[in-house]
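**Q** Structural data only, the sequence is not supplied:
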C-alpha cells in the first residue's frame, strides 16, 4: 500500500485588495482635483432685480458690497485700496478668471463704480454685476 503524505499548508485564499485600493485612491485624487468648488463672497446681500438679467456661469472671483459700503472678498472685509492689489495677485495666478460684483440694492453706486475701476486697473476686463431675476 502506498501511503500518501498530505502536508497541510495553511494557505489562505483571498482577494488581494491592494490594486483596488490604489485605483480608488487615484479616482479620489482625480475627483478632488477636477471639482470646481463653490466660492462665496462671505456675506449675504439683497441683489437688485433686473428685467435683462442673464444666467451666466459663476465668476471665479466674487466681490460683495454691503449697504454700508463694506467690501468683502474671499470671506473677509477689505478696504477699497486692497481691491486692486488682490485682483492683480489673483490675475497673475489665474489669468482666465473673471469677476462678479455682488452689490446690495442699497449700496452706494459710487462704491460700485470704484470697485469696478479697481478691478479693471488690476488687469481683469471681464466684470459682471450680479442681479436677481424679476419674479413673476
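**A** Yes, it's here. These numbers were taken from a predicted model, which means no experiment stands behind them.
**Q** helices or strands next to the helix or strand containing residue 119 in the packing?
**A** In the assignment (DSSP states H and E), residue 119 maps to helix 109-121. Using 3 or more C-beta pairs under 8 Å, 6 or more residues apart in numbering; DSSP states H and E, the elements in contact with helix 109-121 are strand 61-65, helix 80-93, strand 99-103, strand 127-129. Bear in mind the C-beta positions are built from the backbone N, C-alpha and C, glycine included.
**Q** With distance to residue 33 and mean neighbour count added, can I get those in CSV?
**A** CSV is the format used below for the helices and strands packed on helix 109-121 (distance: least, C-beta to C-beta, whole Å; neighbours: other C-beta atoms under 10 Å):
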stretch, distance to residue 33, mean neighbour count
strand 61-65, 20, 24
helix 80-93, 16, 15
strand 99-103, 24, 23
strand 127-129, 27, 17
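**Q** Now do the helix holding residue 119: everything it contacts.
**A** 63, 65, 69, 71, 80, 83-84, 87, 99, 101, 103, 127, 129 (C-beta atoms under 8 Å, 6 or more residues apart in numbering).
**Q** Run the angle between that helix and strand 99-103 for me.
**A** Using axes from the mean of the first three to the mean of the last three C-alpha atoms, to 10 degrees, one finds that helix 109-121 and strand 99-103 are set 170 degrees apart in direction.
**Q** Select the longest helix from this structure.
**A** If you go by DSSP state H, the chain has its longest helix at helix 18-34.
**Q** least trustworthy helix or strand in this protein by mean pLDDT?
**A** strand 49-50 (a mean of 61; mean pLDDT, DSSP states H and E).
**Q** Quick check: which of the helices and strands packed on helix 109-121 is nearest to residue 23?
**A** helix 80-93 (32.2 Å; C-beta to C-beta).
**Q** Show the average pLDDT along that closest one.
**A** For helix 80-93, mean pLDDT rounds to 91.
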